[in-house]
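> no sequence on hand, only this structure:
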């Protein structure tokens, strides 16, 4: 039983790491109704920029600031050269644009910073912490704390600020939002910059765990089932979805895996997500789309 | 939404958006004369495995450049090359193969060296049809060791079966002998791909033969999450863990091992878990990690010091980051260069001092004889293991050394440890003959080859 709880807790903590990436998707989706395929590339770009600057001897917090500024510039460029041309286009058009953007950012990251793999130490010990006979990762606990702070900050931003309310209006109807005087370009710049910030935080935590390398962009593969389960429009949903995916995939791998051959944790979350799609297509916390037909 | 994403993915795959800008073929090298020997390079300098590609192809090109600059080529025949970017994608690798196989401006192709299991498998039959050697140094299809069935494929130095056999022999040495393996617990953590799974039957065979308890645990690609596997390992409490990883799977394994309290000095990495890129990103968690190697890292070998002097210091080096000189991937590229050039040299001795066809270079590979004396002449003693290839043996070596990560670099901690090639040979032949039967190939009679 102790082993079961150890797997469960380890899975929950891993799930928080997935949520960190998923939150970036939620932000863009809330503002434009688009699944931003480039979020993984933004995670890679942010982490690669950060670690490359850090290795040049720039102090940690200054590096963080410069990287954040770079992500704002990237957000501006995306708004100026891509999104502005695509106002009120169908979601599939915007989705395709983010697909192209993803490859461009990946290419840009490697062109600017090279293809080398970098180690990243954030100064947080990853020695195991023993708790009632169970080993827990100090790093994962720290990551869970960061995710918690991020959720509180983003919830405040969306629910309590004028920008957040404007953002929700844009998500509902871009043309109507424009008609009432909301500056669409400003909103998109803000939301892509915040997504860049979330990408930076996720990139640092994932980078410390995996090393900063191209594979960072692949962490998005785990964000998709998280979003399907939690809902594409809810930050809290991304956390809950992450916890469900993390815990279930680990339990499945450990207890079901040996029966059916192992290596199931890559596809198991998608099976779970498909079940959710059948039962609750909008996810646990997602907004149900009601349309007049 | 899922449907939209899937549609998008399919379309993106078809269009190859954006990335095509960066994956455009990069042609380099000289293109003047037909009196040159050409190496088509299916390299990968962008994409997820670019760190390995830039190191390996950097070392390979630097060695060719070195031979050209220092010796004016081999017997006056200079080397030329061109690169075609594969991004480690099989289809692109095949496309590059087709584009480059005919040579460059009249200079005939000597051999292909894709450094990719997928591309090697995809071009294996084409290589035989085009009579162009396919070099899969330290990797590739194990049964291609049998040159009577696979005349054009060369898994030089080490095939996957030899690799695990040597690891088990090393564990036996550490345990006090092969008889002491009985009752030991060994876990193999393998990449969830045909590459990762290839050696599982051999490990099972060795477990049966020596009586150790083997557990095989799969890590799904790409391997960036391994919590459940390492919790299982914690429960099993093995004596050793064999890490058969690739790319990001390696540092994550080391980090997760630390999180679950498993000591790094009881993890043994295979040939694709043995580079600086595999250990360094894991930081302190990698300290003590052991891996096999066919070629030590470092710059103290005469050939490397000469490359530094003749190529790098002259500003002709291929590495974007000169700090990578002497790293595992770079040195593998240099070793690969030494073996390719040696094959050309051997073949020229038989066929004449001129650019050679792939068929002639193949003969050169089959007649490579690298003994201590020759390795010293090449300045590669200790960097390359003694090799003797033949019609029936396209591997030639089958020995590895073990190295340990001290937190910043690898240190060699063992002498050459030989795989049990006598045990493996019948298994290899069974598989190669099965292949020959399926493909309607009549194996060569190696006793008649000279």
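Looks like it came in fine. Quick caveat: nothing in here was measured; it's all calculated off a predicted structure. Numbers count the residues shown, from 1 in each chain, chains lettered A, B, ... in the order given.

> ranges for the strands of the stretch 101-250 of chain B?
For the stretch 101-250 of chain B, the strands defined by DSSP state E, counting those that start in this stretch occupy B:134-135, B:153-154, B:185-191, B:213-219, B:240-244.

> what about the spatially closest residue to residue B:64 that is not a sequence neighbour, which SS state?
Sequence neighbours aside, residue B:79 is the residue nearest to residue B:64 in space, at 4.4 Å (criterion: Cβ to Cβ, 6 or more residues apart in numbering or on different chains). C-beta here means a position set from N, CA and C on the backbone, and glycine is covered the same way. What DSSP: H, G, I helix; E, B strand; the rest coil gives for residue B:79 is strand.

> how about residue B:298?
Reducing the assignment at residue B:298 to three states with three-state DSSP gives coil.

> separation between the closest residue to it other than its chain neighbours and chain A?
Counting by Cβ to Cβ, 6+ apart, residue B:298 lies nearest to residue B:326, which is 5.4 Å off, once chain neighbours are set aside. Distance of residue B:326 to chain A, given as Cβ to the nearest Cβ, to the nearest Å: 15 Å.

> residue B:326 belongs to a strand?
No - going by three-state DSSP, the assignment for residue B:326 is coil, not a strand.

> out of the strands of the stretch 101-250 of chain B, which comes closest to chain A?
Chain A lies closest, by Cβ to the nearest Cβ, to one member of these: strand B:213-219, at 3.4 Å.

> between that closest one and strand B:240-244, how many degrees?
Interaxial angle, strand B:213-219 versus strand B:240-244 (axes from the mean of the first three to the mean of the last three Cα atoms, to 10 degrees): 40 degrees.

> so which elements touch strand B:213-219?
With contacts taken as 3 or more Cβ pairs under 8 Å, 6 or more residues apart in numbering or on different chains; DSSP states H and E, strand B:213-219 sits against strand B:185-191, helix B:194-197, helix B:200-210, helix B:227-236.

> need the ones you listed in JSON lines (columns: distance to chain A).
Listed next are the helices and strands packed on strand B:213-219 as JSON lines, based on distance: least, Cβ to the nearest Cβ, whole Å:
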{"stretch": "strand B:185-191", "distance to chain A": "9"}
{"stretch": "helix B:194-197", "distance to chain A": "9"}
{"stretch": "helix B:200-210", "distance to chain A": "11"}
{"stretch": "helix B:227-236", "distance to chain A": "4"}
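
> just to revisit the earlier point, wait, isn't the residue nearest to residue B:64 in contact with residue B:66?
No - in this structure, residue B:79 is not within contact of residue B:66 by Cβ atoms under 8 Å, at 9.9 Å.

> closest point of the stretch 101-250 of chain A to chain B, which residue?
Residue nearest to chain B within the stretch 101-250 of chain A: residue A:211 (2.4 Å; Cβ to the nearest Cβ).

> per-residue pLDDT of that residue, please?
Predicted confidence (pLDDT) for residue A:211: 88.

> any buried residues in stretch A:79-96, and which?
If you call a residue buried by 16 or more other Cβ atoms under 10 Å in any protein chain shown, then stretch A:79-96 has these buried ones: A:79, A:82, A:83, A:92, A:94, A:95, A:96.

> quick one: the third one from chain B, how far?
It stands for residue A:83. Residue A:83 sits 16 Å away from chain B, going by Cβ to the nearest Cβ.

> tell me, how many neighbours does the closest residue in space to that residue that isn't next to it in sequence end up with?
Nearest residue to residue A:83 in three dimensions, chain neighbours excluded: residue A:188, at 5.3 Å (Cβ to Cβ, 6+ apart). With neighbours defined by other Cβ atoms under 10 Å in any protein chain shown, the count for residue A:188 comes to 25.

> quick check on residue A:188: phi, psi?
As for residue A:188, its main-chain torsions (degrees, to the nearest 10) stand at phi -60, psi -40.

> hmm, the helix or strand hosting residue A:42 touching chain B?
Assigned by DSSP states H and E, residue A:42 belongs to helix A:39-54. No - if you take Cβ under 8 Å from any Cβ of the partner chain as the test, helix A:39-54 misses chain B, and the best it gets is 9.8 Å.

> next structured bit after that helix?
helix A:60-81.

> show me what that following helix packs onto, helices and strands only.
Secondary-structure packing of helix A:60-81 (3+ Cβ pairs under 8 Å, 6+ apart): helix A:39-54, helix A:184-210.

> tell me the most buried of those?
Counting by mean count of other Cβ atoms under 10 Å in any protein chain shown, helix A:39-54 has the highest mean neighbour count of these, with a mean of 26.

> ok, and the helix or strand in chain B with the lowest average confidence?
None of the helices or strands of chain B scores lower by mean pLDDT, DSSP states H and E than helix B:19-23, at a mean of 39.

> and the next helix or strand past that helix?
Taking DSSP H and E, what comes next after helix B:19-23 is strand B:36-41.

> chain center to that next one, what's the gap?
The chain centroid and the centroid of strand B:36-41 are separated by 19 Å, computed with Cα atoms, centre = their mean, to the nearest Å.

> where does chain A dip in pLDDT?
Residue ranges of chain A with pLDDT under 70: A:289-293.

> please identify the buried residues of the longest helix that it contains?
Across chain A, the longest stretch assigned as helix under DSSP state H is helix A:2-32. The neighbour-count check on helix A:2-32 (16+ other Cβ under 10 Å) flags A:6-32 as buried.
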